[in-house]
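predicted model, plus sequence, below.
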Amino acid sequence: MKKLLTLGTALILAMSVLAGCSGSNSDEKVYQIATDTTFAPFEFQNKDGDYVGVDIELLAAIAEDQGFKYELQPLGFNAAVAALESNQADGVIAGMSITDDRKLKYDFSAAYYDSGVVMAVSASNDTIKSYEDLRGQKVAVKTGTEGASFAESIKDTYGFELVYFDESPFMYEDVKTGNTVACFEDYPVMGYGITQGNGLKMVTEMEKGSSYGFAVLKGKNAELLEKFDAGLENIKESGKYQEIIDKYISAE
């Protein structure tokens, strides 16, 4: 009987050790990172249906440098922000402009790209060439973007009406069909889209805008933010950062 008890105790201890070992692996943190779905060249799907772009490759390079794991959630910009605010995501990387208003709700990484806003019209439109030409017209913007914020800041001055879209391709199509006469978009996004044949053309100089940053909910995931900043600095020093930027934006 004593031998049986000893054997049973040994088995229980062995199982406990094994459970502890497997638990340490399963407990490894996997961050949920939300992103946009169509904001080329920062995030978009290639012909194989895989998500690619500046943000996607930067995140992968930083995660590899810092040794953390993540799952990408391509949700669309508004849904990505909503997921962050409802604790369904740990962070957002989506060409997100660092603004004073957003700093009230989110903590941002160091800026990883300096952007700006430009106005574009249909490639066949020769009548809209400046903000003054927008008076009495409808203009398209993407909800939650810096392009929308800029358009909102000047719409009363130039007397135009805004029409909101959740996705850039729908906004572009609306301009091409003439339902709206122009749209405001981030410069590198519009520049890349034009090279890919989106049917639009830029008619204004770039308005200097905010920089893009990786965001977490204010007061949360400080460790993830620190890892992002450290990784960003490392890949800049190694040349990997510039390699990624040149791959998507060097022609701008």
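Nice, I can see it. Residues are numbered from 1 along each chain as shown.

isn't residue 241 up against residue 231?
No: judged on C-beta atoms under 8 Å, residue 241 makes no contact with residue 231 at a distance of 9.8 Å. The way it works is simple: take the backbone N, C-alpha and C, and place the C-beta from them, glycine included.

shared neighbours, the two?
Common neighbours of residue 241 and residue 231 are listed as residue 61 (criterion: C-beta atoms under 8 Å, 6 or more residues apart in numbering).

quick one: average pLDDT of stretch 152-164?
Mean per-residue pLDDT for stretch 152-164: 98.

shaky segments in the stretch 101-250 of the chain?
Regions of the stretch 101-250 of the chain meeting the criterion pLDDT under 70 cover residues 250.

would you map the strands across it?
106-108, 113-122, 138-142, 161-165, 182-186, 200-202, 207-212, 215-217 (DSSP state E, counting those that start in this stretch).

give me the element residue 59 is part of.
helix 54-66 (DSSP states H and E).

chain neighbours aside, what residue packs nearest to the residue most central in space within the chain?
In the chain, the C-alpha nearest the mean C-alpha coordinate belongs to residue 94, at 0.6 Å (C-alpha atoms, centre = their mean). With C-beta to C-beta, 6 or more residues apart in numbering as the criterion, residue 94 has its nearest non-adjacent residue at 4.1 Å, and that residue is residue 36.

count the residues that sit near the one you found.
When neighbours are counted by other C-beta atoms under 10 Å, residue 36 registers 31.

can you tell me how far it is from residue 42?
Residue 36 sits 7 Å away from residue 42, going by C-beta to C-beta, to the nearest Å.

joint contacts of these two?
Joint contacts of residue 36 and residue 42 (C-beta under 8 Å, 6+ apart) are 94, 95.

so what's residue 200 up against?
120, 121, 122, 123, 172, 175, 176, 183, 190, 193, 194.

ok so, going back, list the buried ones in the helix holding residue 59?
Buried positions in helix 54-66, judged by neighbour count with 16 or more other C-beta atoms under 10 Å: 54, 55, 56, 57, 58, 59, 61, 62, 63, 65, 66.

all helices of the chain, in order?
2-26, 54-66, 77-85, 100-103, 146-158, 168-177, 187-195, 222-238, 240-249 (DSSP state H).

can you read off the pLDDT for the residue nearest to the centre of the chain?
Residue-level pLDDT assigned to residue 94 equals 96.

surely it and residue 38 touch.
No: the criterion here is C-beta under 8 Å, and residue 94 misses it with residue 38 at 10.6 Å.
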